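Participant: Need coordinates for the following:
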Amino acid sequence: MSSAGKVKSSFSFHNKPTLIRGGEPYFSKLTNLIEQSEKSIQFQVYIFEEDETGTNIVEKLISARKRNVEVQILLDGYASRKLSTL
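Facilitator: Numbers count the residues shown, from 1 in each chain. Sure thing, here's the model as predicted:
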């Protein structure tokens, strides 16, 4: 807590969550968010595969990192166990 008794947080009341049920709309939105990121990305998924879509997402995350965007990835070890070690 700060000296004024208020909790400091990075929470924003300006966030506007949107439900996206999956498929092309989800990956299109995800790609746009990664490409527009300026500071950081926290990417968390249960299942991640090395198919065309997964490879495209990885390439976008690498490009973001090259723009000095902090990238953090959290994958489920069981559901994503088929990933290569490269």
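Participant: Report pLDDT for residue 63.
Facilitator: pLDDT, residue 63: 97.
Participant: Which of the helices or strands spans it?
Facilitator: Following DSSP states H and E, one finds residue 63 within helix 52-66.
Participant: buried stuff in that helix?
Facilitator: Within helix 52-66, the residues that count as buried by 16 or more other C-beta atoms under 10 Å are 54, 57, 60-61, 64. Quick note: C-beta positions are derived from backbone N, CA and C, even for glycine.
Participant: now the helices: where do they sit in the chain?
Facilitator: Using DSSP state H, the helices of the chain run over 23-36, 52-66.
Participant: Could you dump the ones you listed into JSON lines and include distance to residue 73?
Facilitator: JSON lines is the format used below for these (distance: least, C-beta to C-beta, whole Å):
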{"stretch": "helix 23-36", "distance to residue 73": "12"}
{"stretch": "helix 52-66", "distance to residue 73": "7"}
